[in-house]
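Q: build me a model:
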Amino acid sequence: MQVSRMAGSLIGSEIIKIGNEVNDMIRKGEQICNLTIGDFDPSIFPIPEELQQEITLAYQAGHTNYPPANGMAGLREAAATFTKTRLGLEYSPNDFLVAGGSRPLIYATYLAVVDPGDKVVFPVPSWNNNHYCHLSSAQGVMVETRAENNFMPTAEELAPHLEGATLLALCSPLNPTGTVFTREGLEAICDLVVAENKRRQPGEKPLYLLYDQIYWLLTFGNTEHYDPVNLRPELRDYTIYIDGISKCLAATGVRVGYAFGPAVVIDKMKAILGHVGAWAPKAEQVATAKYLPQTDQVDGFLGAFKEKVQRSLETLHQGLQALKNEGYPVDSMVPMGAIYLTAKLDVLGKTTPSGQVLATTKELTSYLISEARLALVPFSAFGNEHTAPWFRMSVGGASLESIEAALPRLRSALDALV
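A: Numbering: from 1, shown residues only. Got it, this is the predicted structure:
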C-alpha cells in the first residue's frame, strides 16, 4: 500500500523509541535508572493535591462534554492573569489558545505561519523542530551551537540564516540541555529579529519568533528567565509563546497547554486546531482555571517541587564531576532549569568487554543500558552528530535513590572499557 511522501519519509522519535525499550525491560523486572523521557513518575513527583481535587470535582460536576475549541473562557482568563502577574506580559484572554499540551500548539504555529518550502531556523540540540519542519514541508535550517555557550544559540550563530526565513524557533529553559538564555544573549537575538523585520517590504511575510517557555517556572538558584517581548516590546506582533502546566506542575498527562501572541496568528491557530480537535479535556481545563489563581498553593507546590528536582539534578552533576576529578572522560553542565542535565561521556572509540568498538552514541547508549542499567538520550536524538559525546539526563522518572545507585554502576561500566 502507498502512503503520502510525508508519512513515508517520517522518522519516529528516537527519544520515545529508547524510552519504550527501557520501559519494556522495567516491566520484565529489570532494575534500570531511566533518565530518558521528559516525563514524571507520579509516585515520585505527583501533581498538586489541590489541582487533583479540582479535577475530581470537575468530573463529578459533569464536565465531560466538548470544551470550546479555543479553550474554556475561565482558563484563558486565569492564564492571562497568571502570565501578567508573574511575567509582566499583558495579553487579552482572547489572544490565548488552549490545547492538549504544548505539542499541538507548536505544530499549529508552524501550520499557521509556514508555507511549504519556507525557511525555519532553529538551533541544535533542539527538541522536535526537525520533525515539525518535516510535517509542515518547511526547509529546516539547523544551527549548531557550542558547549562553551551552554548550547544556547548566539546572535552571531543565527545572523547568517535569518534573511528570508519565516520562523525562528527558540526554547528556554532548553530541552534537552537544562540551560537558559542570558539577558544579553537573548537581547542580541531579539535585535536581529527586529532588524530583519524592518528590512522586509510591506506585504512580505515577517520573521516570526516561536518562543517555547514551557519550563520557565523551573529555574534554580539565581537563574532568571527572560522572554522576547519583555526585552523588546516591538516584537509583540511577531512572537508566539508556548506555555502551560505540563512541566511546572508535574502534570504531563493532564494535557493543559496554552499559547499566546499576536491575534492574527493565534486566530489562525484556533481555526487549525478546531479542525483537529486537539483540545485539553474540559474537566482538566475547569480545574486548572480554579487552581492557577491560588497563589499560595501554587507557590508552595513550586517551592517543594523545584527543590526536589534540583536535588536529583545536583546529585547527578556532583557524581559526574567527582568522576571527572578522578580522571574519567566525563563532564556535566551546572543545572540551570527544566528537568535535564547535560552530560558528556567522551568514550567513543573504546572497546566493550564483548569486543565491540563503540563508534556512535547510539551504541554507547545501548552499552550503558545493558552494563550500567542506566538509560540516557544522546544529543543525536536532538539533531547533533552521532559522534557528539553529549547526552540528556532527565530526572522526572527516576527516584533520588535510583540515581544514587546508578552512579557506581556507571563508574564500573566505564572501567570495563579499554
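Q: name the residues of the lengthiest helix in the chain that come out as buried.
A: Taking DSSP state H as the criterion, the chain has its longest helix at helix 295-325. Within helix 295-325, the residues scored as buried using 16 or more other CB atoms under 10 Å are 298, 301, 305-306, 309-310, 312-313, 315-317, 319-320, 323. Yep, even glycine has a C-beta here, placed from its N, CA and C like the rest.
Q: contact partners of the helix or strand following it?
A: Where DSSP states H and E defines the elements, the next helix or strand beyond helix 295-325 is strand 330-332. By CB atoms under 8 Å, 6 or more residues apart in numbering, the residues outside strand 330-332 that reach it are 316-317, 320-321, 323-324, 341-346, 414.
Q: from the residues you listed, pick the one nearest Arg183.
A: Using CB to CB, Thr342 comes nearest to Arg183 of the contacts of strand 330-332, at 20.9 Å.
Q: helix, strand, or coil at the closest one?
A: strand (DSSP: H, G, I helix; E, B strand; the rest coil).
Q: where exactly do the strands run in the stretch 1-150 of the chain?
A: Assigned by DSSP state E, counting those that start in this stretch, the stretch 1-150 of the chain shows strands spanning 33-34, 96-99, 119-124, 139-144.
Q: okay, those in TSV with mean pLDDT and mean neighbour count next?
A: As requested, these are exported to TSV (pLDDT from 0 to 100; neighbours: other CB atoms under 10 Å):
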stretch	mean pLDDT	mean neighbour count
strand 33-34	94	26
strand 96-99	98	28
strand 119-124	98	23
strand 139-144	98	17
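Q: pull the number of nearby residues for Gly29.
A: By the criterion of other CB atoms under 10 Å, Gly29 has 6 neighbours.
Q: pLDDT value on the nearest residue to Lys270 once chain neighbours are set aside, please?
A: Spatially, and ignoring its direct neighbours in sequence, Lys270 is nearest to Asn70 (4.6 Å; CB to CB, 6 or more residues apart in numbering). If you check Asn70, the pLDDT there is 97.
Q: helices and strands of the chain: which one bottoms out on pLDDT?
A: Lowest mean confidence among the helices and strands of the chain (mean pLDDT, DSSP states H and E): helix 14-27, at a mean of 79.
Q: got the contact list for that one?
A: Where contact means CB under 8 Å, 6+ apart, the residues beyond helix 14-27 that reach it are Ile32, Asn34, Thr36, Ile37, Gly38, Thr365, Ile369, Ala375, Val377, Ser380, Ala381.
Q: torsion angles phi and psi at Ile32?
A: Per-residue torsions, Ile32: phi -130, psi 130 (degrees, to the nearest 10).
Q: that one and Glu401: what is the separation?
A: Plainly put, Ile32 is 14 Å away from Glu401 if you go by CB to CB, to the nearest Å.
Q: more neighbours: which of these two?
A: A count of neighbours by other CB under 10 Å puts Ile32 above the other of Ile32 and Glu401, at 22 against 10.
Q: dump stretch 298-315 to CSV, keeping only the CA atoms.
A: These are the backbone C-alpha positions of stretch 298-315, laid out as CSV (Å, rounded to 0.1, in the frame of the first residue of the first chain):
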residue,chain,number,x,y,z
VAL,A,298,1.0,27.3,43.6
ASP,A,299,4.0,28.9,45.3
GLY,A,300,4.0,26.2,47.9
PHE,A,301,4.0,23.4,45.4
LEU,A,302,6.6,25.0,43.2
GLY,A,303,9.0,25.6,46.1
ALA,A,304,8.9,21.9,47.2
PHE,A,305,8.8,20.6,43.6
LYS,A,306,11.8,22.6,42.4
GLU,A,307,13.8,21.7,45.4
LYS,A,308,13.2,18.0,44.8
VAL,A,309,14.0,18.3,41.1
GLN,A,310,17.2,20.3,41.8
ARG,A,311,18.3,17.8,44.3
SER,A,312,18.2,15.0,41.7
LEU,A,313,19.9,17.1,39.1
GLU,A,314,22.6,18.2,41.5
THR,A,315,23.2,14.6,42.6
